[in-house]
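**Q** Whatever this is, show me its structure:
(chains A and B)
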2 protein chains.
Amino acid sequence: MTNPPTPVSLRVKPGPSRLAVTGIGNAMLDIITQDSHEVFHQLGLTKAAMSLIQEDQLQTFYNAMGPTIQMSGGSVANSIAGVAALGGTCGYIGKVAADEFGERFTHDLRSMGVELDLAIAKSDEGATGRCHVFITDDAQRTMATYLGASNQLHIDDVKEALIARSEITYVEGYLFDLPPAKEAIRKVVNFAHEHDSMVALSLSDMFCVDRHRRDFLELVTNDVDVLLSNETEILSLFQVGSLEQAFSALEELGMLAVVTRGARGADVATVSGVVSVPAHEVEHVVDQNGAGDMFASGFLYGLALGADPVEAAELGSLCAGEIITHLGARPESDLEEMAINAGLL
Amino acid sequence: MTNPPTPVSLRVKPGPSRLAVTGIGNAMLDIITQDSHEVFHQLGLTKAAMSLIQEDQLQTFYNAMGPTIQMSGGSVANSIAGVAALGGTCGYIGKVAADEFGERFTHDLRSMGVELDLAIAKSDEGATGRCHVFITDDAQRTMATYLGASNQLHIDDVKEALIARSEITYVEGYLFDLPPAKEAIRKVVNFAHEHDSMVALSLSDMFCVDRHRRDFLELVTNDVDVLLSNETEILSLFQVGSLEQAFSALEELGMLAVVTRGARGADVATVSGVVSVPAHEVEHVVDQNGAGDMFASGFLYGLALGADPVEAAELGSLCAGEIITHLGARPESDLEEMAINAGLL
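**A** Presented below is the predicted three-dimensional model:
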């Protein structure tokens, strides 16, 4: 019998002026519909993937959807909301437009106590980003994303203040999808290095990785301390056919990485090998949307508190388990209480 | 042993030009938050009740809320969405403003195939109605409603077309809250009588009943064929202390009525006595918001298809059971399939 692990809460929490995690990503509203009849096919979308759409397609896509539920989204923003729901201090950097969607996005993070550094888009930089999410009966989500203002994040929009106070700076891979954001990412990473903030990167989407493999590999090799991905993303990054090969590549880079694997849990790759952490058991999976984002919440918050990576992954699993039981990618339950009850905080 | 009841689907469905149910009510968007800390007290709201707020209070209420989920609402509109989700043909009459909220409300019903007769408010008639919903850990909902355009439903806004084609015309009690709607209700009821459409009335809320008891009693006595309420509403209507007394009053009126009783199911009062129908069993109740509305969907759709009231109430229980397992008052599952699997359609 082994001793139970020390609850993370017994370790040193970041002080009040410190932040556990600051995220930087695409600020988005999610427009979610139950799509039992897979109407998304008629819109030319690839099932379970994220496709990009333009401003002039917004009305067509909305009209084709059934009744919708709307809530804040954005992959890394979801993760930050998760950290806040766990009781963590956190920050978020992104860009919205001065419209109703931008107001809602701002409200939702601010009301959770997240410190915001949101740039406001000029009138020619598009409306606030939004993601049309089609949930099918198999709990898969197919997405059509209008990036809009979110991806007009210029280098001048990135401020040092939040990053300088953060244990971890979490960067969204989707940001690579427009050129101005690449320079901004460079600036973020430089700030993080200056202030000893760990750099965590989400690979976001296999097609996104495919579009920007060289940029991703360069960043991963030189700047990233923690890599978060799912199976298809990591295989795409290294262009390999098996997880074993991917883990070898990660080992060569000497990098901490976690690969989420849906119902099969998550694999944590450290310098001392790969450890599998089981998925949190759930009665009925409604919507897998946000499972990766919430895993990141628990995993990164755990690391920020000084937990070892496997413990941090257990906290990640717990958070992912909550999000898949309901529609939407923002937590509906008190994650902090759940984690305390599970002995993980 | 008794024979199993004939599934409702074996009976005559309304033809394509006929509608099972047309609803008339307050067109609303719901802005929903999980309120574990019962912040609503600070806003002066009464727990589990509906309070009315004015346009100049909107920003204060929104600012006080945590992260929100937004979706269409409105009590009778929810019921109509439920009938549509059961596969029924239906219509809706109400009033919205020409704003983003009104557009979403319209989209959500139209995308379910509901035929709409929505009046558009003039610029001095307020914005589209919205309801701020605070969900507490005990699954109760506390509401702050801005009626706005929804309750500027004038007599000229009510058209005959949908009512003339409907088996049942379903009227929302909340409509009594502004004088212009009273005349509109009168017109609706007259159209229904002319076209042999059954008149169903929802008592909506005990405080609403209290505000307009005389109007309600007059309508119930002279015009209503089917009365839908919960316990507190029916006790308030007849100003009696027990359900038995309320049922006596209903018997005197010779009226078909159903009283929903939360976890204790529903009581159906007909001329031949009162029958209790159990609540549908549910693993975990998340949000009781919409339970009464969805009960009405099944109950009224069943009646429209010619089911007897007790069978119709069983269909109502099934629908109510779905809605309480998730946030929000619009169905997330295929109610028609659920009802067919349960042998109720």
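
**Q** Which parts of the stretch 1-150 of chain A are helices?
**A** Counting by DSSP state H, counting those that start in this stretch, the segments of the stretch 1-150 of chain A that form helices are A:58-64, A:75-85, A:100-110.

**Q** mind giving me JSON lines with the ones you listed and columns for mean pLDDT and distance to B:Gln140?
**A** For every residue, glycine as well, the C-beta is placed using N, CA and C. As requested, these are arranged in JSON lines below (pLDDT from 0 to 100; distance: least, C-beta to C-beta, whole Å):
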{"stretch": "helix A:58-64", "mean pLDDT": "96", "distance to B:Gln140": "33"}
{"stretch": "helix A:75-85", "mean pLDDT": "97", "distance to B:Gln140": "21"}
{"stretch": "helix A:100-110", "mean pLDDT": "97", "distance to B:Gln140": "22"}
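
**Q** Out of those helices, which one sits most buried?
**A** The highest average neighbour count among these, using mean count of other C-beta atoms under 10 Å in any protein chain shown, belongs to helix A:75-85 at a mean of 29.

**Q** Next, see if that helix gets close to chain B.
**A** Yes: using C-beta under 8 Å from any C-beta of the partner chain, helix A:75-85 comes into contact with chain B via A:Ala81.

**Q** Okay, and the beta partners of A:Asn260?
**A** Check again: residue A:260 is Thr, not Asn. Assessed by DSSP bridges, A:Thr260 has beta-bridge partners A:Asn230, A:Ala266.

**Q** Go through the helices of the stretch 1-150 of chain A and name the closest to A:Ser202.
**A** helix A:75-85 (6.3 Å; C-beta to C-beta).

**Q** between the helices of the stretch 1-150 of chain A, which gets nearest to A:Thr46?
**A** Here helix A:58-64 is closest among the helices of the stretch 1-150 of chain A (C-beta to C-beta), at 14.4 Å.

**Q** Remind me what that closest one packs against, helices and strands.
**A** strand A:129-135 (3 or more C-beta pairs under 8 Å, 6 or more residues apart in numbering or on different chains; DSSP states H and E).

**Q** Neighbouring strands - and their directions - for the strand it packs on?
**A** Checking strand A:129-135 against DSSP bridges gives partners strand A:28-34 (parallel), strand A:141-146 (antiparallel).

**Q** Tabulate the helices of the stretch 1-150 of chain A (CSV), appending distance to B:Gly254.
**A** Output for these, formatted as CSV (distance: least, C-beta to C-beta, whole Å):
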stretch, distance to B:Gly254
helix A:58-64, 47
helix A:75-85, 54
helix A:100-110, 50
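
**Q** Just the CA atoms of stretch A:212-231, as CSV, please.
**A** The C-alpha atoms that make up stretch A:212-231 are tabulated as CSV, following Å, rounded to 0.1, in the frame of the first residue of the first chain:
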residue,chain,number,x,y,z
HIS,A,212,1.4,25.7,-39.3
ARG,A,213,3.6,22.6,-38.5
ARG,A,214,6.9,24.4,-39.0
ASP,A,215,5.9,27.3,-36.6
PHE,A,216,4.5,24.9,-34.1
LEU,A,217,7.7,22.7,-34.1
GLU,A,218,9.9,25.7,-33.8
LEU,A,219,8.0,27.0,-30.8
VAL,A,220,7.8,23.5,-29.2
THR,A,221,11.5,22.9,-29.7
ASN,A,222,12.7,26.3,-28.4
ASP,A,223,10.2,27.8,-26.1
VAL,A,224,7.5,25.5,-24.7
ASP,A,225,7.8,23.9,-21.3
VAL,A,226,4.5,22.0,-21.3
LEU,A,227,2.7,20.7,-24.3
LEU,A,228,-1.1,19.9,-24.3
SER,A,229,-2.7,17.9,-27.1
ASN,A,230,-4.9,15.1,-28.1
GLU,A,231,-3.8,12.0,-30.1
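
**Q** what comes into contact with it?
**A** For stretch A:212-231, the surrounding residues in contact (C-beta atoms under 8 Å, 6 or more residues apart in numbering or on different chains) are A:168, A:173, A:176-177, A:182, A:185, A:189, A:193, A:198-203, A:209, A:234, A:236-237, A:239, A:243, A:250, A:253, A:255-262, A:292, A:295-296, A:299-300, A:303.

**Q** Specify the local secondary structure of A:Met294.
**A** helix (DSSP: H, G, I helix; E, B strand; the rest coil).

**Q** And the one 5 residues further on, by the same measure?
**A** Assigned state for A:Phe299: helix (three-state reduction, three-state DSSP).

**Q** Could you find the closest non-adjacent residue to it?
**A** Nearest in space to A:Phe299, with sequence neighbours left out and distances taken as C-beta to C-beta, 6 or more residues apart in numbering or on different chains, is A:Gly316 at 3.7 Å.

**Q** give the contact list for the one you found.
**A** The neighbours of A:Gly316, taking C-beta under 8 Å, 6+ apart as the test, are A:Val258, A:Thr260, A:Ala266, A:Val277, A:Met294, A:Phe295, A:Ala296, A:Ser297, A:Gly298, A:Phe299, A:Gly302.

**Q** if I pick the residue in the stretch 101-250 of chain A positioned nearest to chain B, what's in contact with it?
**A** Relative to chain B, the nearest point of the stretch 101-250 of chain A is A:Asp108 (4.0 Å; C-beta to the nearest C-beta). When contacts are counted by C-beta under 8 Å, 6+ apart, A:Asp108 is found next to A:Met71, A:Ser72, A:Ala81, A:Arg330, B:Pro67, B:Thr68.

**Q** Report the rounded mean pLDDT for stretch A:170-190.
**A** Per-residue pLDDT values over stretch A:170-190 give a mean of 88.

**Q** So which bits of it are buried?
**A** Residues of stretch A:170-190 classed as buried by neighbour count (16 or more other C-beta atoms under 10 Å in any protein chain shown): A:170-178, A:180-182, A:184-185, A:187-189.

**Q** try stretch A:46-57
**A** A:Ala49, A:Met50, A:Ser51, A:Leu52, A:Ile53.

**Q** Distance of the first one relative to A:Thr145?
**A** The spacing between A:Ala49 and A:Thr145, counted by C-beta to C-beta, to the nearest Å, is 11 Å.

**Q** Could I get the contacting residues of A:Asp35?
**A** Counting by C-beta under 8 Å, 6+ apart, A:Asp35 touches A:Met65, A:Gly66, A:Phe134, A:Ile135, A:Thr136, A:Thr142.

**Q** I'd say the last one and A:Leu43 touch.
**A** If I follow you right, that is A:Thr142. No: using C-beta atoms under 8 Å, A:Thr142 is not in contact with A:Leu43, being 9.1 Å away.
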